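**Q** the sequence and its predicted three-dimensional model are supplied below.
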Amino acid sequence: MNHCTGYESTLGMSRRSFLNSLGMGLGGLALSDALSPEAVAEKMLSSPHFAPKAKRVIFLFQSGGPSQIDLFDYKPLLNKKHGEELPDSVRQGQRLTGMSGNQASLPLVGSPFEFKQHGESGTWMSDLLPYTSKIADDICVIKSMYTEAINHGPGITMMQTGSQLAGRPSIGSWLSYGLGSENKDLPSFVVMNSKGATGQPLVSRLWGSGFLPGKHDGVRFRPDKNAVLYLKNPEGLSSTNRRKALDALNAIHAEQLEKTADPELETRIAQYEMAFRMQTSVPEVTDLSDETEATFEMYGKESKSPGSYAANCLMARRLAERGVKFVQLYHQGWDHHSGLPGGIRKKCAETDQASAALIKDLKQRGMLDDTLVIWGGEFGRTNYSQGPISNGNFGRDHHPRCFSIWMAGGGIKPGMSYGNTDEYGYNLLGDGTGVHVHDFHATMMHLLGVNHEQLTYKYQGRHFRLTDVHGHILNKILT
């Protein structure tokens, strides 16, 4: 006679089923939490922590480190001391990169470009930015950004993920995880890289979800008829049959999910469904035929060239209109270690008109008030020349201690400059206006209605967040 019938009856049960049989399913709930922390975490921010001023973000990332000294941070003293040695009292023994750290001389170099004040705000800009200067009263120029990262890989990773170390979730992934999407037919996080632009390599981890569920990865739009890879049906498969196949596959996944609570299955189901819906939504949003000639003229002639920076700016507006939460544009080529005068002139010609047009376009459509637009790179450039100054030609090395970005819309005070650097453009002034990358991230999330200290994700026993254990909100630049 078998006296262990009750015990043996559990042998054919999954661990999940067995625990569900205990305490009216409470054991199963505990297992679900342990195996799938995001199942609980996803519910923590079903709505913003407080009323947001911005509904979406467009980040115009200028990869390579634009020279603030030649664009926004006017330093006439450098022109007066052009060719003189960087004073030790200014450098203060601070770390240099290996590219200029062994130079026998660090000659100061003034900007060859003319600076003027623009708009009622009197914002200083160089003549490299004729279009951005016309929107001076719509933007806030932050001149006191700083970071610890001194090289591109850590610097870009820091700006995009809040850490110099690879593997953390990107900004867009955090926002997708915390705020979700306003459009079920489009991803909440879209990435576009300028076609043909060269420079420091851009790798997919920069828009990856790190340890967050994979469905929060950024989706890259490419400048061709297949804007998203593997979206089209295989040859010979109709949409009706694909729908039937997905339904059957989802049923299998759902059955397996019930047994294992595997979060990867949840991600896979979500991604399959999104891909199916994007078969209709992506061709619609990437078809620019309904844009007026006046719009193309505003963004510049390159806006009709798929994948150009101008076309991507226009696409960013279209995505924002359709509820995409975070649009990330990358434009490479700002790393001017040599030949800076010609190099930066070329980069500004590629980006200035379209960047300004995006602000004007959003404003005239009534979208700027709730769209946060950001322009900037991973760090700035030195006030001294990397290598010798030769016939008016020179380069500038990386400079993380102070650099400039601008922000507009979405709760940012327009027509102002924030933060100060010393007269050499080398150090922040001690006036408390320094803006660390963590402060930048905290402020951005605040504008979206998110308390940056509360949006966390538990991974390997620790609660992580975009701002790590830092970050202060820049209340002085907020409306």
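**A** Good, I have the coordinates.

**Q** which helix or strand contains the closest residue to residue 99 other than its chain neighbours?
**A** Distances taken as CB to CB, 6 or more residues apart in numbering place residue 397 nearest to residue 99, at 5.7 Å, with adjacent residues excluded. (Each C-beta comes from the backbone N, C-alpha and C, glycine too.) Taking DSSP states H and E as the criterion, residue 397 maps to strand 396-399.

**Q** so what's the gap between that strand and the chain middle?
**A** Here the centre of strand 396-399 is set off from its chain's centre by 22 Å, with CA atoms, centre = their mean, to the nearest Å.

**Q** in its sheet, what does it sit against?
**A** Strand 396-399 has the following sheet partners, assigned by DSSP bridges: strand 380-385 (antiparallel).

**Q** pLDDT of the partner strand, averaged?
**A** Taken as a whole, strand 380-385 has an average pLDDT of 98.

**Q** tell me where the stretch 201-350 of the chain has helices.
**A** Taking DSSP state H, counting those that start in this stretch as the criterion, the stretch 201-350 of the chain carries its helices at 239-260, 263-286, 293-299, 309-321, 340-364.

**Q** what stretches of this protein score poorly on pLDDT?
**A** Scanning the chain for pLDDT under 70 picks out the ranges 1-46, 230.

**Q** recalculate using a threshold of 50.
**A** Across the chain, the ranges flagged by pLDDT under 50 are 1-44.

**Q** got the contact list for the strand holding residue 397?
**A** Outside strand 396-399, the residues that touch it by CB atoms under 8 Å, 6 or more residues apart in numbering are 65, 67, 69, 96-97, 99-100, 109, 150-152, 155, 336-337, 340, 379-386, 426.

**Q** what comes up buried for stretch 378-397?
**A** Across stretch 378-397, burial judged by 16 or more other CB atoms under 10 Å covers 378-387, 389, 394-397.

**Q** now stretch 226-243
**A** Using 16+ other CB under 10 Å as the test for burial, stretch 226-243 gives 227-228, 242.

**Q** and stretch 47-57, by the same measure?
**A** Using 16+ other CB under 10 Å as the test for burial, stretch 47-57 gives 49, 52-57.

**Q** can you tell me the distance between the two ends of stretch 134-141?
**A** 14 Å (CA to CA, to the nearest Å).

**Q** helices of the stretch 1-150 of the chain, residue ranges please.
**A** 5-8, 15-20, 26-35, 37-41, 76-80, 88-91.

**Q** could you export the helix or strand hosting residue 443 as PDB, CA atoms only?
**A** Element membership of residue 443, judged by DSSP H and E, is helix 437-447. Output of helix 437-447 as PDB, limited to C-alpha atoms (Å, rounded to 0.1, in the frame of the first residue of the first chain):
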ATOM      1  CA  VAL A 437      25.900  64.400 -16.200                       C
ATOM      2  CA  HIS A 438      23.900  63.000 -13.200                       C
ATOM      3  CA  ASP A 439      22.400  66.400 -12.600                       C
ATOM      4  CA  PHE A 440      21.500  66.600 -16.300                       C
ATOM      5  CA  HIS A 441      19.800  63.200 -16.200                       C
ATOM      6  CA  ALA A 442      18.000  64.100 -12.900                       C
ATOM      7  CA  THR A 443      16.600  67.300 -14.400                       C
ATOM      8  CA  MET A 444      15.500  65.500 -17.600                       C
ATOM      9  CA  MET A 445      13.600  62.900 -15.700                       C
ATOM     10  CA  HIS A 446      12.100  65.500 -13.400                       C
ATOM     11  CA  LEU A 447      10.700  67.300 -16.500                       C
END
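
**Q** just give me how far it sits from the chain centre.
**A** On CA atoms, centre = their mean, the centre of helix 437-447 falls 12 Å from that of its chain.

**Q** follow-up on the earlier one: out of the buried residues of stretch 47-57, which is nearest to residue 371?
**A** Taking CB to CB as the measure, residue 371 lies nearest residue 56 of the buried residues of stretch 47-57, at 5.4 Å.

**Q** who touches the next helix-or-strand element following the strand holding residue 397?
**A** Remark: after strand 396-399, the chain's next helix or strand is strand 403-408, criterion DSSP H and E. Residues outside strand 403-408 that contact it (CB under 8 Å, 6+ apart): 65-66, 68, 71-73, 132, 135, 138-143, 145-146, 359, 368, 372-377, 379-381, 414, 440, 477.

**Q** stretch 210-220 too?
**A** The set of residues external to stretch 210-220 that reach it, using CB under 8 Å, 6+ apart, is 38, 161, 167-170, 172-174, 176-177, 187-193, 204, 207-209, 228, 263-264, 266-267, 270-271, 274, 326, 328, 457, 459-460, 464.

**Q** in strands, which of these appear?
**A** Applying DSSP state E to these, the entries found in strands are 189-193, 326, 328, 457, 459, 464.

**Q** setting aside sequence neighbours, what's the nearest residue to residue 451?
**A** Among residues not flanking residue 451 along the chain, residue 49 sits closest, at 4.5 Å (CB to CB, 6+ apart).
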